[in-house]
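> Here is a sequence together with a model predicted from it:
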Amino acid sequence: MSENNGRATLASDISVPEEVVELKYLKAKDGSPVKVKVYPVSPLMAGRAGLALPGVTPKTGLEGSTDTAMREVMDRQNLTLMLDLAAPIIEDCTALSGAGGAEIKPAFYFTTMVPGSIPGRVLHAEDLSLLVATAMKLAGYGVEVAESVSFRGRKRGGSSVGA
């Protein structure tokens, strides 16, 4: 711990939460899984999406339904929410390693091309949801919220089989 004599903490002394995740579907040229550094989502960005409080899932009015058609509607609503969140979160919260170890941010772009970044259209839905869920988890949002924007562990009909 650095002594700062009553001054603000030095930026270099701050430990920013991060996690390196291995994508399941996107592969490097040598066939190895692509690894992406993920940072926490901004609470302001998550708040705009209606996820302002950790552990709170947006309510659809269909929770607990046993009707298959209703569960499919809820899954489509979760898909829409995840897709609405995904592009800005991935552009804001991901990085790849560049030449000499420099970070390339964002790892993936969806709107404006960024030199060194990869087009987001190459991401499989499960890889996309893994990146979003990791950014949410790092920001302190509970597993329930991370899973609400994730396809991991889902099977047809919307029942959960673990994440």
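All right, it came through fine.
> Could I get the full set of helices for this structure?
For the chain, applying DSSP state H gives helices covering 43-48, 68-93, 125-138, 143-148.
> ok, of these, where does mean pLDDT dip lowest?
For those, mean pLDDT drops lowest on helix 143-148, to a mean of 56.
> Give me the spatial nearest neighbour of Thr134, chain neighbours excluded.
Val38 (4.4 Å; C-beta to C-beta, 6 or more residues apart in numbering). C-beta: built from backbone N, CA, C; applies to glycine.
> pretty sure Pro119 contacts Tyr109?
Yes - if you go by C-beta atoms under 8 Å, Pro119 and Tyr109 touch, sitting 6.5 Å apart.
> higher neighbour count, the two?
For Pro119 versus Tyr109, the count of surrounding residues by other C-beta atoms under 10 Å is larger for Tyr109: 20 against 10.
> close enough to count as contact, the more buried one and Leu123?
No - contact criterion C-beta under 8 Å: Tyr109 and Leu123 do not qualify, at 11.0 Å.
> that older thread, anything in contact with each of Pro119 and Tyr109?
Common contact partners of Pro119 and Tyr109 (C-beta atoms under 8 Å, 6 or more residues apart in numbering): none.
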